[in-house]
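Participant: Just the structure for this:
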Amino acid sequence: VAEKVSTGKYDGWRGLSLTPDGRIVFASIEETVQTLIISNGDGSGRTRLTRDGYNNQYPAAFRDGIAYVSSTPARSEVCVIDFEGDGRRVIARDVDVSPIAISPDGAWLIFRRNRRLWKMPMSGGAATELVAEVSSAAAWSPSGDRIAFLLGDPDMYAARAGVISAKEGRLLWTSPLSNV
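Facilitator: Prediction:
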């Protein structure tokens with residue numbers, strides 16, 4: 001049974017995520033920008049996490065905090081904050097404004113740059129291109145050994161599902177999506 005837990009018209013439309021302790025983090029329009037909000041699982045205790053004036057969206061909660069895409073006047077970045085909204089740090093610059101994915105162990109980040117998927121350590125360092133073709137919508141397997149994604153351009157109705165090895169980036173499976 002679905003239950004309404006938010007009052008904002010656009011709450012969650014640019015991403016939502018569950019924290020390890022069951023709270024909900026979501027993007028919401030507050031004043032004139034998209035900001036991140038955290039609330040209890042029942043919607044109570046709504047607290048604004050970001051107040052920097054940038055558009056902050058696509059949150060991905062993990063054991064050490066919340067990663068998200070922040071669009072500043074200069075560029076779009078993947079940032080990390082703690083569960084109180086403090087300690088903002090940039091871990092990737094010049095990313096596409098699209099959903100990100102954190103590995104189950106919290107060690108790896110997948111983001112999109114130039115319409116392709118990239119992987120890098122959450123602790124920082126060099127990013128590695130995962131897929132040389134247009135790709136999106138990455139999701140880690142529960143064990144963290146595989147990554148599912150869309151290969152191609154879903155906006156053009158020309159994408160298929162794929163699975164790669166998280167360690168080697170080797171394509172393990174791909175199939176055309178059906179026209180439903």
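
Participant: Poorly predicted segments of this structure, please.
Facilitator: 1-2, 177-180 (pLDDT under 70).

Participant: do that again at 50, thanks
Facilitator: For the chain, the stretches with pLDDT under 50 are 180.

Participant: Just give me the residue right at the centre of the chain.
Facilitator: Centre of the chain computed as the mean C-alpha position; nearest residue by Cα atoms, centre = their mean is Ile100, 2.5 Å away.

Participant: Can you name the residues that contact that one?
Facilitator: By Cβ atoms under 8 Å, 6 or more residues apart in numbering, the residues touching Ile100 are Tyr58, Ala60, Ala67, Tyr68, Val69, Val78, Leu109, Ile110, Phe111, Arg112, Ala138. For glycine as for every other residue, the C-beta is placed from the backbone atoms N, C-alpha and C.

Participant: what's across from the second one in the sheet?
Facilitator: This points to Ala60. Bridge pairing for Ala60 (DSSP bridges) gives the partners Ala67.

Participant: And it, how close does it get to Val5?
Facilitator: 19 Å (Cβ to Cβ, to the nearest Å).

Participant: quick revisit: TSV please, covering the contacts of Ile100 and showing neighbour count.
Facilitator: Below are those laid out as TSV (neighbours: other Cβ atoms under 10 Å):
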residue	neighbour count
Tyr58	24
Ala60	22
Ala67	24
Tyr68	27
Val69	28
Val78	25
Leu109	26
Ile110	24
Phe111	28
Arg112	26
Ala138	23
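
Participant: and those, which two are the farthest apart?
Facilitator: Greatest spatial distance among the contacts of Ile100 (Cβ to Cβ): Tyr68 and Ala138, at 15.2 Å.
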